[in-house]
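Asks: coordinates only, sequence not included:
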């Protein structure tokens with residue numbers, strides 16, 4: 001059985017337990033899912049001031065300033081306690097199994113046969129290796145929508161290496177024509193809307209923080225096995241794999257953000273007078289939307 005949204009998941013577990021107690025089944029699966037499919041609810045919560053500016057939930061804490069939304073899914077396999085303990089004692093440590101089935105009915109049948117210790121041809125068993133286990137780490141560099149007033153301030157105040165590399169990027173910005181300070185934006189800026197409303201600033205801030213985090217993680221011995229980048233994050237990803245130098249990465253993201261800033265007025269005009277000429281390509285956040293259309297209509 002599957003249930004959605006918060007406390008209803010507990011109800012699914014209750015129904016499963018009642019079925020076990022009543023003898024309707026000897027094994028039950030209960031699950032819960034929460035998926036954010038559209039930004040509408042998040043927008044409403046933001047307008048109502050319900051979401052934490054820090055993106056963290058701090059239940060029953062004096063510093064609580066809202067909560068954070070997330071997506072999740074969880075499933076539990078339930079059995080009567082005595083039976084579960086008896087079966088647990090018969091299992092080897094670090095042992096796992098996968099049952100291959102084409103339909104739900106077939107899966108349930110095979111699961112029942114396996115529980116009765118009958119031979120199941122599509123059962124694949126294995127044992128996790130003991131000792132050292134190879135962990136593969138992936139860095140994911142996100143695009144627009146992740147910027148916010150106060151981003152990276154704690155890192156600027158507590159990590160000398162982080163601040164040093166940000167200063168280096170700030171110097172590059174000055175060399176290529178930047179008329180604002182990255183240091184100032186990440187430490188002293190008081191206008192909470194400035195970083196969100198100015199694409200030049202927001203794109204540079206996002207990419208710069210991502211680039212510096214690469215160096216900070218490297219300093220602590222954290223090296224990824226794979227790298228993924230989207231939109232603004234593609235520039236930081238290119239730097240992480242050394243396809244771009246730090247200076248060239250800063251130049252690319254600065255020029256990109258500067259060009260986006262110049263297009264804002266045109267897009268607003270198109271939306272007002274001819275909204276059918278453009279399409280929504282992606283919704284990065286409640287306040288960041290990517291538009292797409294033929295080149296001649298955008299230029």
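Replies: Sure thing, it's come through. Everything numeric in this text was worked out from a predicted model, so none of it was measured.
Asks: buried set for stretch 241-249?
Replies: Within stretch 241-249, the residues that qualify as buried by neighbour count (16 or more other CB atoms under 10 Å) are 244, 246, 249. Backbone N, C-alpha and C define where each C-beta goes, glycine included.
Asks: gap between the two ends of that stretch?
Replies: From the first residue to the last, stretch 241-249 extends over 12 Å; the measure is CA to CA, to the nearest Å.
Asks: what about the helices in the stretch 51-200 of the chain?
Replies: In chain order, the stretch 51-200 of the chain shows helices spanning 81-89, 104-115, 153-158, 160-175, 182-187, 194-197, 199-219, with DSSP state H, counting those that start in this stretch as the criterion.
Asks: could you check how many residues crowd around residue 235?
Replies: The local packing of residue 235 (other CB atoms under 10 Å) involves 29 other residues.
Asks: next, the angle helix 199-219 makes with the helix or strand containing it.
Replies: Per DSSP states H and E: residue 235 is located in helix 232-240. Interaxial angle, helix 232-240 versus helix 199-219 (axes from the mean of the first three to the mean of the last three CA atoms, to 10 degrees): 40 degrees.
Asks: looking at this, residue 281 is in a helix?
Replies: No. Going by DSSP: H, G, I helix; E, B strand; the rest coil, the assignment for residue 281 is strand, not a helix.
Asks: residues in contact with it?
Replies: Applying CB atoms under 8 Å, 6 or more residues apart in numbering to residue 281 gives the contacts 290, 291, 292.
Asks: among these, which are in strands?
Replies: 290, 291, 292 (DSSP state E).
Asks: who does the last one bridge with?
Replies: Okay, so that is residue 292. Beta-bridge pairing of residue 292 under DSSP bridges involves residue 279.
Asks: residues in contact with stretch 36-54?
Replies: 58, 64-69, 71, 148-150, 283, 285-286.
Asks: what's the closest of those residues to residue 80?
Replies: residue 71 (32.3 Å; CB to CB).
Asks: for the closest one, grab the count of nearby residues.
Replies: Once other CB under 10 Å is used to define contacts, residue 71 is seen to have 9 neighbours.
Asks: present the contacts of stretch 36-54 as a markdown table; the columns should include pLDDT and distance to residue 255.
Replies: Below are the contacts of stretch 36-54 laid out as a markdown table (pLDDT from 0 to 100; distance: CB to CB, whole Å):
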| residue | pLDDT | distance to residue 255 |
| --- | --- | --- |
| 58 | 79 | 40 |
| 64 | 83 | 41 |
| 65 | 86 | 36 |
| 66 | 84 | 36 |
| 67 | 80 | 38 |
| 68 | 83 | 34 |
| 69 | 81 | 34 |
| 71 | 80 | 34 |
| 148 | 80 | 23 |
| 149 | 81 | 24 |
| 150 | 84 | 26 |
| 283 | 71 | 25 |
| 285 | 65 | 23 |
| 286 | 68 | 27 |
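Asks: separation between residue 29 and residue 15?
Replies: Residue 29 is 11 Å from residue 15, where distance means CB to CB, to the nearest Å.
Asks: chain neighbours aside, what residue packs nearest to residue 162?
Replies: With CB to CB, 6 or more residues apart in numbering as the measure, residue 155 is the residue that lies nearest to residue 162, at 4.6 Å, once sequence neighbours are left out.
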